[in-house]
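J.: Provided below are the primary sequence and the corresponding predicted coordinates.
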Amino acid sequence: MMGNPLYKDDIGAMCYNAAKTWQIGWYNDRKMQLNPLDEASDWSTSFQMVGIANYQDEATSNLPVSVKLETKTASDYFVGFNRATGVNSDNDEADDELTIVQVTGGDGESQSQSYLRATLLEGEEYTIAGAGGTDRNITVQHVSIDKTNSDGVWRANVRVEMQETPTDEVSNVQHSFTSQLSLLT
């Protein structure tokens, strides 16, 4: 394994995060890019994805292993299914969970620092508030894991949706903050 953090030669079956996987281009035929900020304010989509360990399985050749959420900035978000099996069986964290990773530059296309922002169990969600400096939020939900396929490959069911931050919510937060300040003075 490249960059093996276990300092051993005979163990270390683990893969790069979704952002690094996107960046190195090994799985270019299994990438999916979503552009939520180009969509209507009530846009949503659902899809299945598989982990890197199932990249070569014929039955899943149409499913992504890395999903990019384009924010129209240099700092985008990436979704991956951290399936703990095969070449990814020695994970240190987030086994069989959805991972959300953010890059801090390069639009995910060139070398940049990446940060793990969330690991999601089935039913959990993560919201990117004010995505791309807008009044929109992008929510990623790990709906479930489909473990019932005859091919034995687990598939993560994912939902991504867009929501605008209601103007009255912003107003209420500003009002609350102003009220708290007046109490302090």
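T.: On my side now, so go ahead. Computed from a prediction, not measured in an experiment: that's the story for all the values here. Residues are numbered from 1 along each chain as shown.
J.: that's a strand at residue 64, yeah?
T.: No. Read with DSSP: H, G, I helix; E, B strand; the rest coil, residue 64 is coil and lies in no strand.
J.: for it, which non-adjacent residue is closest in space?
T.: Closest residue in space to residue 64, ignoring its immediate chain neighbours: residue 32 at 3.9 Å, by C-beta to C-beta, 6 or more residues apart in numbering. (Glycine included, C-beta is placed from N, CA and C.)
J.: thought the one you found was touching residue 68?
T.: Yes. With contact defined as C-beta atoms under 8 Å, residue 32 counts as touching residue 68 (7.4 Å).
J.: and those two? Which one has more around it.
T.: Shown here are residue 32 and residue 68; by other C-beta atoms under 10 Å, residue 68 has more neighbours (22 against 15).
J.: so what's that one scoring on pLDDT?
T.: The confidence metric pLDDT takes the value 93 at residue 68.
J.: same question for residue 177.
T.: pLDDT, read off for residue 177, is 45.
J.: and the helices in this protein?
T.: 18-24, 167-184 (DSSP state H).
J.: pLDDT on the first one, on average?
T.: Over the span of helix 18-24, the pLDDT mean works out to 71.
J.: helices and strands around that helix, which ones?
T.: strand 66-69, strand 77-81, strand 98-103 (3 or more C-beta pairs under 8 Å, 6 or more residues apart in numbering; DSSP states H and E).
J.: just checking, residue 156 touches residue 46?
T.: No. Counting by C-beta under 8 Å, residue 156 does not reach residue 46; the two are 11.1 Å apart.
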